[in-house]
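1. Kindly generate the corresponding structure for this input.
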Amino acid sequence: MMKRMTISADELLTTTRSVRKRLDLTRPVPLELVKECLEIALQAPSGSNVQNWHWVVVTDPDKRKAIGGYYERAFRRYRESAASAGRLFADDPERAAVQQRVSESAAYLAEHMGEVPVLVIGCLAVPALPEGNQAGLWGSLLPAAWSYMLAARARGLGTAWTSLHLAYEHEIAELLGIPGDVRQGVLIPTAYYTGETFGRAKRQPLETVLHIDQW
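-> Residues are numbered from 1 along each chain as shown. Predicted coordinates:
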């Protein structure tokens, strides 16, 4: 068992950041440490207790480089779209500045995704994706993936939630031998991080998003 940081639950939950620029691309991450985090992830809830999640851990340099290439291509299209972080809240000077920083860090990650020591892809085994709202389906993967990220944070690792690679889901599945009835849901770059620690992020006030009894 690897040594964990001394950190309270509240601090863990409020300082687990999307780490992009501060990922240490040169320091190897022990596979046993990743497995330890995934063991914790498997304790997360799963709809009907199906536990149909699968985790593809990519450490091979050539495969990481190939995935990074797909990711960068997808990011270039995303950055030019109206949904790009850097294009949002342009009429709000304070939020626009934050969005620009997010955009710059996302671009850095896109350029270096293939150099991140470990890429973890969370998947679900499903015969076919349902029509309409799929929240019930992906709700069986998201808590486990977040638990992995929290466990990683507690062990001095940085992660980021990404999904742009899904534009090339078929190609990546072929690269990694993922069966056709297994769908990818999230790509989590994992590495030690540079610097000391992380602080709380600035968020919109609770009152602006809270609705009690009705909207």
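2. CA only for contacts and neighbour counts going forward, please
-> OK.
3. ok now the lengthiest strand in the chain, how far from the chain's centre?
-> Ordering each strand of the chain by length in residues (DSSP state E) puts strand 182-192 first. The chain centroid and the centroid of strand 182-192 are separated by 6 Å under C-alpha atoms, centre = their mean, to the nearest Å.
4. List the buried residues in the lowest-mean-pLDDT helix or strand in the chain.
-> Least confident helix or strand of the chain, by mean pLDDT, DSSP states H and E, is helix 93-112 with a mean of 88. Using 16 or more other C-alpha atoms under 10 Å as the burial criterion, the residues of helix 93-112 that qualify are 96, 99-100, 102-107, 109-112.
5. quick one, helices of the protein?
-> 9-14, 31-41, 61-79, 93-112, 135-138, 142-154, 169-176 (DSSP state H).
6. Would you mind pulling the contact partners of the least confident helix or strand of the chain?
-> Applying C-alpha atoms under 8 Å, 6 or more residues apart in numbering, the external contacts of helix 93-112 come out as 20-21, 68, 71-72, 75, 84-90.
7. Can you say which of the residues you listed are buried?
-> Of the contacts of helix 93-112, these count as buried by 16+ other C-alpha under 10 Å: 20-21, 68, 71-72, 75, 84-87.
8. Looking at the residues you listed, which is nearest Val57?
-> Gly68 (14.2 Å; C-alpha to C-alpha).
9. Next, work out how far apart that closest one and Gly177 are.
-> 17 Å (C-alpha to C-alpha, to the nearest Å).
10. what's the burial count for the residue nearest to Gly68 when sequence neighbours are not counted?
-> Spatial nearest neighbour of Gly68, excluding adjacent residues (C-alpha to C-alpha, 6 or more residues apart in numbering): Gly114 at 3.9 Å. Residues contacting Gly114 under the criterion other C-alpha atoms under 10 Å number 24.
11. now swap in the one 4 residues further on and tell me
-> Residues lying near Val118 (other C-alpha under 10 Å) number 25.
12. could you list every residue that touches it?
-> Counted by C-alpha under 8 Å, 6+ apart, Val118 has contacts 29, 57-59, 64, 189-191.
13. distance between the least confident helix or strand of the chain and the chain's centre?
-> 16 Å.
14. Then stretch 161-169?
-> When distances are taken as C-alpha atoms, centre = their mean, stretch 161-169 is centred 10 Å away from the chain's centroid.
15. Show me what counts as buried in it.
-> 161-166, 169.
16. Please apply the same query to stretch 135-147.
-> Of the residues in stretch 135-147, those buried (16+ other C-alpha under 10 Å) are 138, 140-147.
17. got a list of contacts for that stretch?
-> So stretch 135-147 is in contact with 40-47, 51-53, 122-124, 185-186, going by C-alpha under 8 Å, 6+ apart.
18. still on that earlier bit, quick check: the farthest pair among the contacts of Val118?
-> Val29 and Arg64 (14.0 Å).
19. Looking at the residue positioned nearest the centre of the chain now. What's its pLDDT?
-> With the centre of the chain defined as its mean C-alpha position, the nearest residue by C-alpha atoms, centre = their mean is Trp161, 1.6 Å away. Per-residue pLDDT puts Trp161 at 97.
20. Right, I'll leave it there.
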